[in-house]
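J.: give me a 3D structure for the following:
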Amino acid sequence: MATLIAAIPSFITLIHEKPEVYQHTEILRVLNTRTPNYSQVKDILRQNGIPDSRIIVRIANAGDGPASEVKVGIKVSGTISSVIITPSKDDKPVWVELPNDIEGQIGKPAINMVFKNLAPEKSLLLEVGYLSRATPTDDEEVEVRYDGQKPATPVRDFKDVPKRTLLNIFFWPLAVVGIIALIIIMYWARSGIDFLIDVWGGFKSAKQRRSFSR
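T.: Residues are numbered from 1 along each chain as shown. Sure thing, here's the model as predicted:
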């Protein structure tokens, strides 16, 4: 029984402090093939390094523990021209470690980023601008995985990411404590019943001895 009680904190930590990462992706295009002077406008944007399309990825940890590693892979139908991460390194966030190798991936059709120790109730905003191909296609890919290659849960709207409430925070600890308390009560109840049975048996034995002595 003492061992069971001593294991309660570790058990609560095991089932409770887990990350739950969610992601929402949005693709925005400045131009489409029906835009007047489409080719000329596209060339002007390209010459000035201005992206004509953007992928916006929002990531949130709605769990109870930090996500030790969040991997983000983005593939575009063109070449990447800019990457903006919020918060930025200038913000010096203490609740997440930002990637360092972003600039070296500019000008490529794909980018990979790794964020470490994303704290609960915190979110990231990634904006990837790119110069799409002459004839744009819909083959963009966004993949978000965390802690052991678990896929992040996609949501239709970032507002759909569940919020942590007092019920969510304390449900499992209270449930575990309740179960342990029930086990303890049943243990002591059984011990009490055994004690009463022993007392009753002793009483009957004493009564029988008195009867024989007569």
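J.: do you know how far T79 is from T86?
T.: 23 Å (CB to CB, to the nearest Å). Just so you know, the C-beta spots here come from the backbone N, C-alpha and C atoms, and that holds for glycine as well.
J.: who does the longest strand along the chain touch, helix- and strand-wise?
T.: What stands out as the longest strand in the chain, according to DSSP state E, is strand 122-132. Counting contacts by 3 or more CB pairs under 8 Å, 6 or more residues apart in numbering; DSSP states H and E, strand 122-132 packs against strand 53-61, strand 67-75, strand 78-86, strand 110-118.
J.: can you pull the buried residues of the second one?
T.: Going back to what we said before, that points to strand 67-75. By neighbour count on 16 or more other CB atoms under 10 Å, the buried set for strand 67-75 is 67, 69-72, 74-75.
J.: over to the last one?
T.: Applying a neighbour-count criterion of 16+ other CB under 10 Å, one finds 111, 113, 115, 117-118 buried in strand 110-118.
J.: then it to PDB, C-alphas only?
T.: C-alpha atoms of strand 110-118 as PDB (Å, rounded to 0.1, in the frame of the first residue of the first chain):
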ATOM      1  CA  ALA A 110      11.300  23.200 -49.800                       C
ATOM      2  CA  ILE A 111      12.200  24.200 -46.300                       C
ATOM      3  CA  ASN A 112      12.600  22.300 -43.000                       C
ATOM      4  CA  MET A 113      12.500  23.800 -39.600                       C
ATOM      5  CA  VAL A 114      12.800  22.300 -36.100                       C
ATOM      6  CA  PHE A 115      11.500  24.100 -33.000                       C
ATOM      7  CA  LYS A 116      12.400  22.800 -29.600                       C
ATOM      8  CA  ASN A 117      10.600  22.900 -26.200                       C
ATOM      9  CA  LEU A 118       7.400  24.500 -27.300                       C
END
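J.: give the helix, strand or coil label for the residue lying closest to T35 once chain neighbours are set aside.
T.: Using CB to CB, 6 or more residues apart in numbering and skipping residues adjacent in sequence, the residue nearest T35 is V41, 6.5 Å away. Assigned by DSSP: H, G, I helix; E, B strand; the rest coil, the conformation of V41 is helix.
J.: thinking again about what came up before, now for the buried residues of strand 110-118: which two are most distant?
T.: The distance between the two most remote of the buried residues of strand 110-118 (CB to CB) is 20.8 Å, for I111 and N117.
J.: cheers, nothing more for now.
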